[in-house]
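Asks: coords below, sequence missing:
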């Protein structure tokens, strides 16, 4: 979760870049720490789409990130739902809640992640 103190909205492209940069750095850093050649990592690819915002969302996105699992060096796909919401009415403070799992959206973990979102 991010807490943003400036009045802002996000574009799909911005969030794709943020996720790309985050996971690219994470994979490379962990491979280096394990003394594994970073060349084994495939470039991170992130694709998001806008989805219908929930009752407490100002924006919502869904998509996936394809990358190398730095622990196994196998391909990994993480599925995402991202919820942007106001912390309280009239405030410029926003919360960005990321749900992420390699499980398909029909898996029970998504109901659990959605329940956490509703509890925010």
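Replies: That came through, no problem. Everything numeric here is computed off the predicted structure, so don't read it as measured data.
Asks: Quick check on residue 24: phi, psi?
Replies: The phi and psi torsions at residue 24 (degrees, to the nearest 10) take the values phi -60, psi -50.
Asks: so it makes contact with residue 45?
Replies: No - at 10.2 Å, residue 24 does not count as touching residue 45 under the criterion of CB atoms under 8 Å. (Glycine included, C-beta is placed from N, CA and C.)
Asks: helix or strand for the closest residue to residue 103 other than its chain neighbours, which one?
Replies: Of all residues not flanking residue 103 in the chain, residue 109 sits nearest, at 5.0 Å (CB to CB, 6 or more residues apart in numbering). Using DSSP states H and E, residue 109 maps to helix 108-118.
Asks: ditto for residue 19
Replies: For residue 19, the enclosing helix or strand under DSSP H and E is helix 12-33.
Asks: what's that helix packed up against?
Replies: strand 45-50, strand 59-68, strand 75-86 (3 or more CB pairs under 8 Å, 6 or more residues apart in numbering; DSSP states H and E).
Asks: could you redo the last one with a cut-off of 10 Å?
Replies: strand 45-50, strand 59-68, strand 75-86, strand 94-101 (3 or more CB pairs under 10 Å, 6 or more residues apart in numbering; DSSP states H and E).
Asks: Give me the contacts around it.
Replies: With contact meaning CB atoms under 10 Å, 6 or more residues apart in numbering, helix 12-33 is reached by 2, 8, 10-11, 36-50, 59, 61, 63-71, 73, 76, 78, 80, 82, 84, 96, 98, 100.
Asks: go with 6 Å
Replies: Residues outside helix 12-33 that contact it (CB atoms under 6 Å, 6 or more residues apart in numbering): 38, 41, 44, 46, 48, 65, 67, 68, 70.
Asks: All good on my end, thank you.
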